[in-house]
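J.: mind looking at a prediction? Sequence and model below.
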Amino acid sequence: MAEEAAAPNSPFQEINREEDAGAAFVLESKGKWFHAGFHLTTAIVGPTILTLPYAFRGLGWWVGFLCLTAMGVVTFYSYYLMSLVLDHCEKAGRRHIRFRELAADVLGSGWMFYFVIFIQTAINTGISIGAILLAGQCLQIMYSNLFENGALKLYHFIAMVTVIMILLSQFPSFHSLRHINLGSLVLSLAYTFIVVAACINAGASKNAPPRDYSLESAASSRVFSAFTSISIIASIYGNGILPEIQATLAPPAAGKMVKGLIMCYAVIFLTFYSAAVSGYWVFGNKSNSNILNSLMPDEGPPLAPVWLVGPAIVFVLLQLFAIGLVYSQVAYEIMERKSADASKGIFSKRNLIPRIILRSLYVIVCGFFAAMLPFFGDISAVVGAIGFIPLDFVLPMLLYNITHKPKKSSLAYWVNNSIIVVFTCVGILGAFSSIRKLVQDAKEFKLFSSDVVD
């Protein structure tokens with residue numbers, strides 16, 4: 001690929017893509033619009049939707065619906081603006097394939113380059129840890145129902161998942177995951193509809209739990225719970241890697257990402273609302289951070305047939321591997337850019353050995369923290385507040401205003417600035433309340449606990 005000129009005021013000079021192993025290998029541009037749709041759907045529509053009833057318990061019915069819908073509208077608008085910004089830069093001769101380079105180029109600030117790297121690293125690592133943790137929990141649920149007094153603990157299953165993730169991490173490029181991510185899309189629809197059916201069955205059974213939709217009694221606790229729930233919803237809608245996903249499209253990429261967005265949000269509509277409504281309807285303010293745990297409690301009879309919930313757990317487990325792979329791509333791209341030689345073959349010994357070592361170490365570190373700190377709901381909230389809100393709710397609006405320069409009297413200008421202000425405040429408050437919840441929960445468990453803290 002020919003060398004691309006940097007913007008006149010850019011704080012850095014972009015190197016020749018032919019010498020950039022991260023671009024040539026991990027972010028190779030060969031995909032079609034529906035491949036981008038597969039990647040984007042895997043990045044957004046994952047088992048984290050099973051936390052939506054848990055998010056609703058901090059908001060209640062009406063506010064929960066309002067937040068779920070508002071964030072859906074805002075994120076679709078945000079991703080649409082981001083695709084326009086990327087198209088604008090491509091037409092100007094600067095096709096950006098990394099979020100950090102796009103932000104630094106448009107904003108003309110070198111520190112922004114490192115700010116985006118930091119935020120993306122927090123997102124990718126947090127989700128990789130969460131995916132391994134939840135996959136281990138799925139295995140634990142299946143094991144505990146087969147062997148009631150089994151000796152294996154959660155960290156044993158996390159170790160098993162980590163070994164599988166090390167093997168899967170050797171897929172060399174984002175584009176090479178396209179078939180896996182198509183399977184991920186199908187799996188998300190399958191387990192969502194199974195969980196909805198299981199919740200309806202649980203709600204109609206004689207063992208149905210008493211329904212209580214009341215919020216916490218103390219006003220301060222209600223406020224903190226609400227902002228934690230908002231952060232969870234933000235993390236569920238967020239992805240933080242849209243430029244890297246668009247980078248997988250064969251040039252010219254203009255207009256293709258919008259089609260992928262429409263595909264993704266069609267799946268979102270089918271899955272998010274059905275999971276949130278059915279789960280919260282049955283369990284109310286007793287909803288677990290993983291609705292599967294509510295359906296298959298450790299104590300008492302299962303609230304749904306094992307033959308129904310079992311396949312859902314398997315589907316969730318399989319999709320978690322795809323999600324872990326997608327969110328590891330930015331880390332792998334950074335590693336490959338520094339460690340690989342683009343002049344050598346992608347499977348040459350010179351590039352294969354460092355890839356195996358570095359990716360394996362990254363997965364092992366994520367698996368270690370997943371076993372040591374089992375806070376699935378809290379991890380989702382913290383990642384949403386400090387990661388997804390800045391990258392998905394603030395920066396796209398700012399980048400659009402700078403590149404497209406809407407008139408100050410225009411509706412777009414005021415809508416964009418309003419979103420920036422509102423979600424900056426929400427992010428700050430959400431970060432505070434999420435970290436507060438994490439600190440509180442840290443008192444309730446021991447290192448390498450066998451129970452995921454809600």
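T.: The structure has been received and is ready for your questions.

J.: ok, longest helix in the chain?
T.: Counting by DSSP state H, the longest helix found in the chain is helix 110-146.

J.: and it, how far from the chain's centre?
T.: In this view, helix 110-146 has its centroid 8 Å away from the chain centroid, taken as C-alpha atoms, centre = their mean, to the nearest Å.

J.: can you tell me which helices and strands it packs against?
T.: Contact partners of helix 110-146 among helices and strands, from 3 or more C-beta pairs under 8 Å, 6 or more residues apart in numbering; DSSP states H and E: helix 99-107, helix 154-168, helix 291-295, helix 306-339, helix 349-372, helix 376-383. From N, CA and C alone the C-beta is placed, and that goes for glycine too.

J.: please spell out which residues along that helix are buried.
T.: 112-113, 115-117, 119-120, 122-143 (16 or more other C-beta atoms under 10 Å).

J.: output the below-cut-off pLDDT ranges for the chain.
T.: For the chain, the stretches flagged by pLDDT under 70 are 1-19, 298, 374-385, 438, 441-454.

J.: about what we covered before: the longest helix of the chain vs helix 154-168, what angle?
T.: In terms of direction (axes from the mean of the first three to the mean of the last three C-alpha atoms, to 10 degrees), helix 110-146 departs from helix 154-168 by 120 degrees.

J.: by how many degrees do helix 110-146 and helix 306-339 diverge?
T.: Going by the same axes, to 10 degrees, helix 110-146 makes 150 degrees with helix 306-339.

J.: please name the nearest non-neighbouring residue to residue 76.
T.: Spatially, and ignoring its direct neighbours in sequence, residue 76 is nearest to residue 265 (5.5 Å; C-beta to C-beta, 6 or more residues apart in numbering).

J.: in which helix or strand would I find that neighbour?
T.: Per DSSP states H and E, residue 265 falls inside helix 256-283.

J.: for residue 127, give its distance to residue 271.
T.: As defined by C-beta to C-beta, to the nearest Å, residue 127 lies at a distance of 18 Å from residue 271.

J.: how about residue 98?
T.: 29 Å.

J.: and what of residue 360?
T.: Here the criterion is C-beta to C-beta. By it, residue 360 lies 33 Å from residue 271.

J.: for residue 205, same thing?
T.: Separation of residue 205 from residue 271 (C-beta to C-beta): 24 Å.

J.: tell me which of these two has more neighbours.
T.: Using other C-beta atoms under 10 Å as the criterion, residue 205 and residue 271 rank with residue 271 on top: 23 against 15.

J.: wait, doesn't the more buried one sit right on residue 49?
T.: Yes. With contact defined as C-beta atoms under 8 Å, residue 271 counts as touching residue 49 (5.7 Å).

J.: dihedrals phi and psi, the residue in the chain sticking out farthest from the centre?
T.: Distance from the C-alpha centroid of the chain, by C-alpha atoms, centre = their mean, peaks at residue 206 (36.4 Å). Backbone torsions for residue 206, taken as degrees, to the nearest 10, come to phi -70, psi -20.

J.: separation between it and residue 314?
T.: 27 Å.

J.: same check on residue 418?
T.: Separation of residue 418 from residue 314 (C-beta to C-beta): 44 Å.

J.: of those two, who's got more company?
T.: A count of neighbours by other C-beta under 10 Å puts residue 314 above the other of residue 418 and residue 314, at 16 against 11.

J.: which residues does that one contact?
T.: Shown in contact with residue 314 (C-beta atoms under 8 Å, 6 or more residues apart in numbering): 138, 142.

J.: for residue 429, same thing?
T.: Neighbour list for residue 429: residue 227 [criterion: C-beta under 8 Å, 6+ apart].

J.: please, which helix or strand holds it?
T.: Assigned by DSSP H and E, residue 429 falls in helix 411-442.

J.: chain center to stretch 133-152, what's the gap?
T.: Chain-centre distance of stretch 133-152: 24 Å, with C-alpha atoms, centre = their mean.

J.: now do stretch 24-34
T.: Worked out by C-alpha atoms, centre = their mean, stretch 24-34 lies 20 Å from the chain centre.

J.: now tell me what touches that stretch from outside.
T.: In contact with stretch 24-34 (C-beta under 8 Å, 6+ apart) are residues 1, 17-18, 39, 97-98, 172-175, 178, 244, 247-251, 253, 256-257, 259-260, 263, 329, 332-333, 336, 340, 342, 346, 351.

J.: how much space separates residue 352 from residue 30?
T.: 20 Å.

J.: mind checking the helices and strands packed on helix 110-146 for the one nearest to residue 232?
T.: Of all those, it is helix 376-383 that lies closest to residue 232, at 4.9 Å by C-beta to C-beta.

J.: after the closest one, which helix or strand is next? Please name it.
T.: Downstream of helix 376-383, the next assigned helix or strand under DSSP H and E is helix 395-404.

J.: which neighbouring elements make contact with that following helix?
T.: helix 61-91, helix 99-107, helix 411-442.

J.: need the winner for burial among those helices.
T.: A comparison of the helices and strands packed on helix 395-404 by mean neighbour count, using mean count of other C-beta atoms under 10 Å, puts helix 99-107 on top with a mean of 23.

J.: quick one, that one and helix 110-146 angle?
T.: Using the same axes, to 10 degrees: helix 99-107 against helix 110-146 is 150 degrees.

J.: before we move on, the earlier item: return a PyMOL selection command for the buried portion of the contacts of stretch 24-34.
T.: Filtering those down to the buried ones (16+ other C-beta under 10 Å) takes a single PyMOL command:
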select buried, resi 17+39+97+98+172+173+174+175+178+244+247+248+249+253+256+257+260+263+329+332+333+336+340+342+346+351
